[in-house]
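Colleague: structural data only, the sequence is not supplied:
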């Protein structure tokens, strides 16, 4: 994702940044990244109502909606995808408003697949808009379990329940939900994020909003096919299919069938990229 440029500079250079499958499929660049608010833990997420633990504040707008809209207009002009960091419920609403305005102004432009990165706290009124607008919720299951023990101290129990980490609600609405780890905020290892998505078990052993869990099949899809779709690469990535790149990870345990508590114990045995083994565990290497 292209970020860090002023809108004027981005407008002049965006076409030169475009790459498709550079280096035999390793790098594609056709999206921009904006950040409309901060993080919940630091009271920086932009909320519709004040924080419970800081009643004088509703968080921060790190970039004004007008600037984000201008960046999105430039992206639309150059045929780039827009991916906007939005944590708080107001940040998500403002971002959806911007997207909707531009979609209506450009009815001839379709299959845009614009995204909201994190989409952590969403007012129930805005939840159906993801499906309606075709906006992708690019979420991270690991955040739900890392943040779960303290979210209610920021939002209160009722707002936490109705707005926070709505994996199941978004999925059932028909929205495209993806998964990741948000490294380096969290460790890059995908197994804990997969486990958090299906179990919602926090580090202190509490099940955080269990009604928002996904099934293992759904969690796997969020990590594979849905991520490929979100990056316009569903014809090359996301499944073991003839004609796609042979990118495969072999684990020490079948995370689709082992008892749930054993999922975090799974380790990577092989990483296969383009049909070639790029990594193997020490244990596997010793057997050869």
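Modeller: Looks like it arrived, so ask away. Only a predicted model underlies this, so the values are computations on that prediction, with no experimental measurement involved.
Colleague: separation between the closest residue to residue 45 other than its chain neighbours and residue 239?
Modeller: Leaving aside its sequence neighbours, residue 45 sits nearest to residue 88 (C-beta to C-beta, 6 or more residues apart in numbering; 3.5 Å). C-beta here means a position set from N, CA and C on the backbone, and glycine is covered the same way. Distance of residue 88 to residue 239, computed by C-beta to C-beta, to the nearest Å: 34 Å.
Colleague: more crowded one of the two?
Modeller: residue 88 (33 against 10; other C-beta atoms under 10 Å).
Colleague: strands along the stretch 151-288 of the chain, start to end?
Modeller: Taking DSSP state E, counting those that start in this stretch as the test, the strands found in the stretch 151-288 of the chain are 177-178, 248-251, 268-273, 276-280.
Colleague: low-confidence ranges, the protein, go.
Modeller: Within the chain, the ranges that satisfy pLDDT under 70 run 284-288.
Colleague: make it 80
Modeller: 283-288 (pLDDT under 80).
Colleague: center of it - which residue?
Modeller: residue 138 (2.2 Å; C-alpha atoms, centre = their mean).
Colleague: which parts of the helix ranked longest in the chain are buried?
Modeller: The longest helix of the chain (DSSP state H) is helix 89-105. Neighbour-count burial for helix 89-105, with 16 or more other C-beta atoms under 10 Å as criterion, is recorded at 89, 90, 91, 92, 93, 94, 95, 96, 98, 99, 102, 103.
Colleague: tell me the contacts of the first one?
Modeller: Same thing as residue 89. 47, 48, 121, 122, 123, 126, 163 (C-beta atoms under 8 Å, 6 or more residues apart in numbering).
Colleague: and the last one, how far from residue 47?
Modeller: Here the criterion is C-beta to C-beta. By it, residue 163 lies 9 Å from residue 47.
Colleague: common neighbours of those two, please.
Modeller: 89, 121, 155.
Colleague: let's have the residues you listed in JSON lines, adding distance to residue 220.
Modeller: Below are the shared contacts of residue 163 and residue 47 laid out as JSON lines (distance: C-beta to C-beta, whole Å):
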{"residue": "89", "distance to residue 220": "28"}
{"residue": "121", "distance to residue 220": "25"}
{"residue": "155", "distance to residue 220": "30"}
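Colleague: what ranges do the helices span in the stretch 1-150 of the chain?
Modeller: 7-17, 22-25, 65-78, 89-105, 127-133, 141-147 (DSSP state H, counting those that start in this stretch).
Colleague: contacts made by stretch 122-129 with the rest, please.
Modeller: 48, 89, 92-93, 96, 100, 135, 162-163, 166, 169-170, 173.
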